[in-house]
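Novice: need a structure here:
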Amino acid sequence: MNIRILFVFFLIGVNTLHACAQEKISFANNKIIAHRGAWKNAQLPENSIAALQQAIKMGCTGAEFDVRMTKDEVLVVNHDAEFNNLIVEESTYKQLSKFKLSNGESIPTLKEFIKAGLKDNNTTGLVCEIKATKNKDRNIRMTDKVLELVSNLNAENHILAYISFNYDVLKRIKSKSPNANTQFLGGYKSPEQLQKDEIGGLDYKTQKYKESPEWISAAKTLGLSLNAWTANTRQDMEWLLGNDFDYITTDEPELLKELVNNVEYILDWKLIWNDEFSGAGIPDTTKWNFDIGGHGWGNNEKQYYTSADTLNAKIENGKLIITARAQKTDKNDYTSARLTTKNKGDWRYGKIDVRAKLPKGKGLWPAIWMLPTESAYGGWPRSGEIDIMEFVGYSPDTIFQTVHTKSFNHLLGTQVGKSTKVDSIGDKFHNYSIIWDSEKILFFIDGRNTHQFLNKNQTSAEWPFDQEFHLILNLAVGGNWGGKFGIDDSIFPSQFEIAYVRVYQK
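Specialist: Numbering: from 1, shown residues only. As a prediction, this is how the structure comes out:
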């Protein structure tokens, strides 16, 4: 009788433990996948248990790690094919475990790693990359052993995704565990191909999405998850956030967490128009027009703006480069370029973000600005102007951000603007942005609010900003303002470099 009672309690205990282990966790909703754990900022070894625990402590949505199999078929967590100059698949675990990670840990077994991921964790999913080899049979055995171990540990619900560069590995996972979430890393399968093979999502290099942006919308339409690797710069993270990716894999989870928590992203901006300036040659004419001529442009400027001439405007190394040259054309001594999005990119309200490095030198006048597309209230300045960024070379540490209207403009001396000191203007890239809605225009430099213009519910003479505007990028030479103290001819050619243009709306 006592034995039967004990046996019943034993079964209850086992079932209770199984139910607890299988209870579905709620992954954090911040998109952050810590690549090989949160190791970098904490100065921990990649793929260590300590790096996994740090990702859990941070509350990341997921922690990615890499799985290999030793000669004696022990599953271990290690990215490279070698560990301490030993080839993992040609070495026993005993041989590998003689060497330590920099924090004193042994190379983790997958069993130890998953157990650590189950402990005190109800937010961070495990993203398991299976590192395949050239031996197909070995790949299948390794995949099956991973699935068996996860099942034995009752850890299925803690696996956010299985990922691999090997397509056969993912297909094997789906055949053995149909409910498992899988993502392909290879970058060469279309969303349609993935859906056909029941692969759950894309996990491609960030640049691949920039080269094939249609795959983003296709994946969303087909219900596939979107992940990207390895996004370590602010500009890549912002681009992925703007495109509403499900997950972002990064070595910099702290930076991504800061951006995710930033008010600009809490407002739920969606990227609606952008140019990342990939490829080479003439700027994309489906997005950009060239203003042409040398008539002074209302400011007695000295340059002639050319049309689609790579000497003055070209895409190179992921940037738009506008070059001003000391080159005689028509009646002008200089050439340059002025690009606009008129009738190709026109917006009322939104967040406009441009990352640029400015040219240095007396007589230069680069600008990032906006004009109305239809001029609903009449010609300039009655229909308004928004100067996101202006710079004059004789004031080498100052950015000007200004609004012009019928009541507020430089002809009357009433323009509403703000000058801001910025370090290294001509030596590194900075972000110049506005957030514009029916109530205000907020100006930013590198994410810092530097100026604002409020709608005080007066007339169009004060607020003509309820119509569509387009963007202008140009590099002027001389002029009433830019050439106030002359032009230094020794500075030419001079380059205005733009890394990207992004437009967001709610």
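
Novice: correct me, but residue 335 touches residue 304?
Specialist: Yes - between residue 335 and residue 304 there is a contact at 5.2 Å, judged by C-beta atoms under 8 Å. C-beta coordinates here come from the backbone N, C-alpha and C atoms, glycine included.

Novice: Which neighbours do the two have in common?
Specialist: Applying C-beta atoms under 8 Å, 6 or more residues apart in numbering, one finds that residue 335 and residue 304 are jointly contacted by residue 329.

Novice: what separates the closest residue to residue 435 other than its chain neighbours from residue 292, distance-wise?
Specialist: The shortest distance from residue 435 to any non-neighbouring residue, by C-beta to C-beta, 6 or more residues apart in numbering, is to residue 442 (4.5 Å). Distance, residue 442 to residue 292, by C-beta to C-beta, to the nearest Å: 33 Å.

Novice: okay, those two: which has more neighbours?
Specialist: Taking other C-beta atoms under 10 Å, residue 442 and residue 292 do not tie; residue 442 has more neighbours (18 against 13).

Novice: Would you enumerate the residues in contact with that one?
Specialist: Residues in contact with residue 442 (C-beta under 8 Å, 6+ apart) are 434-436, 449, 451-452.

Novice: Buried ones among those residues?
Specialist: The neighbour count (16 or more other C-beta atoms under 10 Å) marks 434-436, 451 as buried among those.

Novice: from those residues, which is closest to residue 462?
Specialist: residue 436 (15.3 Å; C-beta to C-beta).

Novice: check contacts around that closest one.
Specialist: Residue 436 makes contact with 349-352, 386, 442, 465 under the criterion C-beta under 8 Å, 6+ apart.

Novice: Kindly present these as JSON lines, with separate columns for secondary structure and distance to residue 280.
Specialist: As requested, these are exported to JSON lines (DSSP: H, G, I helix; E, B strand; the rest coil; distance: C-beta to C-beta, whole Å):
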{"residue": "349", "secondary structure": "coil", "distance to residue 280": "34"}
{"residue": "350", "secondary structure": "strand", "distance to residue 280": "29"}
{"residue": "351", "secondary structure": "strand", "distance to residue 280": "29"}
{"residue": "352", "secondary structure": "strand", "distance to residue 280": "25"}
{"residue": "386", "secondary structure": "strand", "distance to residue 280": "31"}
{"residue": "442", "secondary structure": "strand", "distance to residue 280": "35"}
{"residue": "465", "secondary structure": "coil", "distance to residue 280": "36"}
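
Novice: Residue 259 sits in which helix or strand?
Specialist: Element membership for residue 259, per DSSP states H and E: helix 253-260.

Novice: Tell me which other helices or strands that helix touches.
Specialist: With contacts taken as 3 or more C-beta pairs under 8 Å, 6 or more residues apart in numbering; DSSP states H and E, helix 253-260 sits against strand 32-34, helix 49-58, helix 234-242.

Novice: quick one: buried residues of the longest one?
Specialist: For helix 49-58, a neighbour-count test (16+ other C-beta under 10 Å) marks 49-56, 58 as buried.

Novice: Also stretch 271-280?
Specialist: Residues 271, 273-277 are the ones in stretch 271-280 that count as buried (16+ other C-beta under 10 Å).

Novice: Any stretches of the protein with poor pLDDT?
Specialist: Residues of the chain that meet the criterion pLDDT under 70 lie in 1-24, 263-267.

Novice: how about residue 236, what does it touch?
Specialist: Contacts for residue 236 were tallied using C-beta under 8 Å, 6+ apart; they are 206, 228.

Novice: still on that earlier bit, in a markdown table, list the helices and strands packed on helix 253-260 along with distance to residue 123.
Specialist: Below are these laid out as a markdown table (distance: least, C-beta to C-beta, whole Å):
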| stretch | distance to residue 123 |
| --- | --- |
| strand 32-34 | 11 |
| helix 49-58 | 7 |
| helix 234-242 | 20 |
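
Novice: Which one of the ones you listed lies nearest to residue 78?
Specialist: Comparing those against residue 78 with C-beta to C-beta, the closest turns out to be helix 49-58 (12.5 Å).

Novice: Determine the set of other helices and strands touching the closest one.
Specialist: Applying 3+ C-beta pairs under 8 Å, 6+ apart, we find helix 49-58 packed against strand 32-34, strand 62-69, helix 110-118, helix 253-260.

Novice: Out of those, which one sits most buried?
Specialist: Each of the helices and strands packed on helix 49-58 was assessed for mean neighbour count using mean count of other C-beta atoms under 10 Å. The highest is strand 32-34, with a mean of 30.

Novice: For it, which strands pair with it and how are they oriented?
Specialist: Partners of strand 32-34 in the sheet, by DSSP bridges, are strand 62-69 (parallel), strand 248-250 (parallel).

Novice: Tell me which of those sits nearest to residue 191.
Specialist: Of all these, it is strand 248-250 that lies closest to residue 191, at 18.2 Å by C-beta to C-beta.

Novice: ok now that closest one, how far from the chain's centre?
Specialist: The chain centroid and the centroid of strand 248-250 are separated by 9 Å under C-alpha atoms, centre = their mean, to the nearest Å.
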